[in-house]
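[1] Give me a model of this one.
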Amino acid sequence: MRFKKRLLLILISICCSVLAYAQTETPAQLYPGLFEAVQMQQIFPDGKTFVDVSARQPPAVILKAYQVEKSKPGFNLKAFVKQYFSAPSENSTQYRSNIKGGIRKHIDTLWTVLQHVADTVKGTTLLPLPHAYIVPGGRFREVYYWDSYFTMLGLEEARQFVLIESVVKNFAYLIDKHGHIPNGNRTYYLTRSQPPFFALMVQLLAKHKGVKTLTTYQSQLIKEYQYWMQGSEALKAGKAYAHVVRMADGSLLNRYWDASTQPREESYREDVLAARQTKQNKAEFYRNIRAAAESGWDFSSRWMADGKSLATLQATSLIPVDLNCLLYNLETTLAQSFEISGNQQSAALYRSKAAKRKAALLKYCWNSKAGCFYDYNWQQKTISNQASIATAYPLFFNIASNAQGKQVAALIEAKFLQPGGVATTLTGTGQQWDQPNGWAPLQYITIVGLRNYKHKDLAQTIASRWIKLNLNTFNQTGKLVEKYDIQHINAKAGGGEYPLQDGFGWTNGVLLKLMNMYKH
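    Next comes the predicted model:
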């Protein structure tokens with residue numbers, strides 16, 4: 001009898017271990033002590049490598065072995081990690097294009113190179129998805145939320161409509177399963193999202209499948225909206241909860257936020273070292289660094305109180321222009337979906353929400369003297385002085401007045417226009433979302449925004465310079481990359497926490513879209 005009980009306990013222990021093996025714990029949760037040692041000792045040069053490894057044994061087995069081995073004389077942590085984990089591959093970086101085949105053939109081939117199918121691998125941090133998807137490339141081996149919209153622009157031009165629908169279905173699945181679209185489909189990304197482009201993706205799909213597509217994904221659009229607006233109903237003026245801020249006048253606007261106050265696991269060492277330089281308490285600093293990561297602009301002077309140092313990150317104190325434009329679009333998309341389904345009451349409700357957000361955005365974020373839309377510091381009750389190309393978002397979504405659009409266009413031409421496209425900010429900090437770097441999604445947002453307000457010549461100038469820069473790099477290297485130095489067009493872009501990445505999903509998508517727009 002005693003033997004049977006013992007056997008039962010062993011079986012339960014094994015089952016629990018296997019179950020944990022397939023669940024959504026992060027590496028820091030699965031391997032306490034071991035995780036911190038691996039990251040702080042830089043067993044892998046890139047901190048993201050360890051959080052993407054495949055475990056050869058269940059975590060409980062690995063952790064027990066570590067506890068036994070680590071105190072033994074001559075223990076070698078690197079050898080231990082090699083024994084119990086398999087490093088991930090970077091399949092996209094193995095691809096080298098035949099330059100003579102041309103840029104269009106290169107991009108067309110990369111749709112296959114960067115495409116992943118439904119994942120069933122256990123023992124990794126990857127969150128399985130039911131349909132095929134496109135990864136950015138290089139160290140980015142998983143799907144990324146806001147990247148995917150700009151990749152889809154190219155898929156649309158390539159008439160890859162099945163793949164577009166697969167990407168939308170995957171994000172709908174993530175919303176249904178987790179209540180939001182994570183930063184990427186990894187367990188360590190579950191505490192945050194990214195700029196909410198899902199409504200734009202659904203709109204893109206609706207162009208090809210009909211407007212009823214908006215009602216097909218209505219429930220997921222509502223769930224995403226609820227995620228960003230959680231806690232708003234009980235919020236008092238001048239207070240914030242999660243992603244929502246109730247402004248002094250009672251209006252609601254949003255900020256970036258992350259549910260965790262720990263260092264980012266994929267950049268653990270960098271965050272721990274950065275926290276030693278800040279005057280903020282560590283929990284506040286880690287929240288700010290994570291919120292900035294949720295923005296997709298990780299990192300930029302726009303999030304820094306002094307405009308130059310990571311130690312002064314204040315992302316949770318800011319009302320970002322781009323985020324609130326995206327949520328305005330989500331509200332108007334929901335209104336349209338309810339109109340299509342015949343629910344006029346709900347349609348009117350979301351139209352009202354959108355109108356109120358637009359009024360608040362114009363009130364708090366527009367600086368008429370500078371002719372620029374800035375982020376707003378809701379805690380200090382003052383507008384930011386960190387200009388960024390996010391000022392183009394109200395033009396992209398037709399929120400700005402014609403007069404405002406004219407002022408923004410003049411500012412872009414005078415300050416942001418560079419030999420290779422438009423600058424991200426007007427400041428150089430060594431961070432990758434500052435000068436001298438230019439990014440494909442921001443070129444596209446700016447170009448379309450300017451076209452919306454009839455500044456077609458400026459839009460074409462930006463597009464031509466960006467296309468030329470991309471093509472020059474391709475003709476020299478056979479690659480398209482994550483970002484470009486738009487000030488020194490023969491230089492390689494840099495800055496940030498990791499080397500320049502090849503691939504590259506959103507660069508491919510935007511370039512193909514712009515080449516077709518401008519018949520290049």
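[2] what's the residue nearest to residue 39 when sequence neighbours are not counted in contact with, if anything?
    Distance criterion Cβ to Cβ, 6 or more residues apart in numbering; nearest residue to residue 39, sequence neighbours excluded, is residue 268 at 4.0 Å. (C-beta placed from N, C-alpha, C; glycine too.) For residue 268, the contact set (Cβ atoms under 8 Å, 6 or more residues apart in numbering) comprises 28, 35, 36, 39, 40, 47.
[3] buried residues in the helix or strand that contains residue 268?
    According to DSSP states H and E, residue 268 maps onto helix 268-275. Neighbour-count burial for helix 268-275 flags 268, 269, 270, 271, 272, 274, 275 (criterion: 16 or more other Cβ atoms under 10 Å).
[4] cool, and stretch 421-436?
    In stretch 421-436, counting by 16+ other Cβ under 10 Å, buried: 421-427, 429, 431-436.
[5] so which pair among those is furthest apart in space?
    421 and 429 (19.1 Å; Cβ to Cβ).
[6] which regions of the stretch 1-150 of the chain lie under the pLDDT threshold?
    1-23, 90-96, 118-121 (pLDDT under 70).
[7] ok, now with 80
    Along the stretch 1-150 of the chain, the model assigns pLDDT under 80 to residues 1-23, 89-97, 118-122.
[8] in it, which spans are strands?
    For the stretch 1-150 of the chain, the strands defined by DSSP state E, counting those that start in this stretch occupy 54-55, 85-86, 115-116, 133-134.
[9] Check the stretch 351-500 of the chain too.
    Going by DSSP E, counting those that start in this stretch, the stretch 351-500 of the chain shows strands at 366-367, 372-373, 376-377, 382-383, 417-418, 421-422, 437-438, 484-485.
[10] any chance of these in a markdown table, plus mean pLDDT and distance to residue 281?
    Compiled in a markdown table, the strands of the stretch 351-500 of the chain are given as follows (pLDDT from 0 to 100; distance: least, Cβ to Cβ, whole Å):
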| stretch | mean pLDDT | distance to residue 281 |
| --- | --- | --- |
| strand 366-367 | 98 | 32 |
| strand 372-373 | 98 | 31 |
| strand 376-377 | 98 | 19 |
| strand 382-383 | 98 | 23 |
| strand 417-418 | 98 | 39 |
| strand 421-422 | 98 | 37 |
| strand 437-438 | 98 | 31 |
| strand 484-485 | 97 | 36 |
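[11] Any chance of those strands in a markdown table with distance to residue 179 as columns?
    A markdown table is the format used below for the strands of the stretch 351-500 of the chain (distance: least, Cβ to Cβ, whole Å):
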| stretch | distance to residue 179 |
| --- | --- |
| strand 366-367 | 33 |
| strand 372-373 | 30 |
| strand 376-377 | 27 |
| strand 382-383 | 32 |
| strand 417-418 | 40 |
| strand 421-422 | 35 |
| strand 437-438 | 33 |
| strand 484-485 | 36 |
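[12] To residue 160, which of those strands lies closest?
    Per Cβ to Cβ, nearest to residue 160 of these: strand 484-485, 24.7 Å.
[13] in its sheet, what does the closest one sit against?
    strand 437-438 (antiparallel) (DSSP bridges).
[14] Extract the CA atoms of stretch 513-520 and return them as PDB.
    Listed next in PDB are the C-alpha coordinates belonging to stretch 513-520 (Å, rounded to 0.1, in the frame of the first residue of the first chain):
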ATOM      1  CA  LYS A 513       4.200  49.000 -50.900                       C
ATOM      2  CA  LEU A 514       6.000  52.200 -51.600                       C
ATOM      3  CA  MET A 515       7.600  50.900 -54.800                       C
ATOM      4  CA  ASN A 516       4.100  50.100 -56.100                       C
ATOM      5  CA  MET A 517       2.600  53.300 -54.900                       C
ATOM      6  CA  TYR A 518       5.200  55.300 -56.700                       C
ATOM      7  CA  LYS A 519       5.600  52.900 -59.700                       C
ATOM      8  CA  HIS A 520       9.300  52.300 -59.000                       C
END
